[in-house]
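> need coordinates for the below:
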Amino acid sequence: MSLQNRIINHFSDSLQIQQDTLANLGELIEFASQRLVAALLNDKKILTCGNGRSAAVAQVLSSAMLNQYERDRPSLPAIALTGDVTTLTAIANDSHFDDVFAKLLRALGQSGDILVVYSDGENSANIAKAVSTAHDKDISVIALTGNNGGMIAPLLHETDIEIRVVSTSSAHIQEVHVLITHCLCDLIDHQLFGG
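Have a look, this model is predicted:
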């Protein structure tokens, strides 16, 4: 296969997954945005986490909330649990890597907050532990997952939201997670600030 054909395949596959996600999950994305807005209006915060490239997507959400998405507006309370490398590595060293987000969530999360988790794969034990910790603290979960939902999907409660991108490609799942995150940011801004 030529290099140009590989490029065409990447774009074509990504576009197809985006179209499928829009067709199947558009209403769920809207509902997730409404849940996030309700939490913010009740003086609660958004906490985010993910591993690897999914950690970067989690930080996109918190950054857009704390600073701005596409327009100047007041800061909104959000914490990326992935942001403090010193604390994450200390927990991983002194305890276990599976505890890195759960321990932070126990300290920073409060009842009524929302935890937004990103997981594109099967093995996210630290995300799974964060989900369980969120439930213990009466924190609802919005899970952006991929493929078959991995180990996260079975942990979710009826009141949680799973936005599952159906694909086996981690790269394409993450691309769509970024697009969904941008949609959430736009919808939050629109609902809170109009226009």
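
> got the contact list for Val141?
With contact taken as CB atoms under 8 Å, 6 or more residues apart in numbering, Val141 is in contact with Ile114, Leu115, Val116, Val117, Val131, Ala134, His135, Leu156, His157, Asp160, Ile161. Glycine gets a C-beta too; all of them are placed from N, C-alpha and C.

> list the buried residues for stretch 59-74?
Gln59, Val60, Leu61, Ser62, Ser63, Ala64, Met65, Tyr69 (16 or more other CB atoms under 10 Å).

> now do the helix or strand of the chain with the lowest mean pLDDT: distance to the chain's middle.
In the chain, no helix or strand scores lower on mean pLDDT, DSSP states H and E than helix 85-94, which sits at a mean of 87. Distance of helix 85-94 from the chain centroid (CA atoms, centre = their mean, to the nearest Å) equals 21 Å.

> equivalent analysis for stretch 108-118, please.
The offset between the C-alpha centroid of stretch 108-118 and the centroid of the whole chain comes to 11 Å, using CA atoms, centre = their mean.

> identify the single longest strand in this protein, thanks.
Of all the segments assigned as strand in the chain under DSSP state E, the longest by residue count is strand 140-146.

> what subset of the contacts of Val141 is buried?
When burial is judged by neighbour count using 16+ other CB under 10 Å, the buried members of these are Ile114, Leu115, Val116, Val117, Val131, Ala134, His135, Leu156, Asp160, Ile161.

> if you count neighbours, what's buried in the helix ranked longest in the chain?
Counting by DSSP state H, the longest helix found in the chain is helix 3-41. Using 16+ other CB under 10 Å as the burial criterion, the residues of helix 3-41 that qualify are 14, 17-18, 21, 25, 28-29, 32-33, 35-37, 39-40.

> and what of stretch 89-96?
Using 16+ other CB under 10 Å as the test for burial, stretch 89-96 gives Ile91.

> thinking again about what came up before, can you tell me which of the buried residues of stretch 59-74 lies closest to His96?
Lowest distance from His96 to those (CB to CB) belongs to Gln59, with 22.9 Å.

> ok, then the element right after the helix or strand containing that closest one?
Under DSSP states H and E, the secondary-structure element containing Gln59 is helix 53-66. Per DSSP H and E, helix 53-66 leads on to strand 78-80 as the next helix or strand towards the C-terminus.

> returning to that earlier point: the buried ones among the contacts of Val141 in helices, which ones?
Among the buried ones among the contacts of Val141, the members found in helices (DSSP H) are Val131, Ala134, His135.

> tabulate those (TSV), appending distance to Ala102 and pLDDT.
Rendered in TSV, the data for these read as follows (distance: CB to CB, whole Å; pLDDT from 0 to 100):
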residue	distance to Ala102	pLDDT
Val131	9	98
Ala134	9	98
His135	11	98
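
> and which of those residues is nearest to Gly83?
Checking these against Gly83 with CB to CB, the nearest one is Ala134 at 17.9 Å.

> dump the residue contacts of Phe31.
For Phe31, the contacting residues are Ile161, by CB under 8 Å, 6+ apart.
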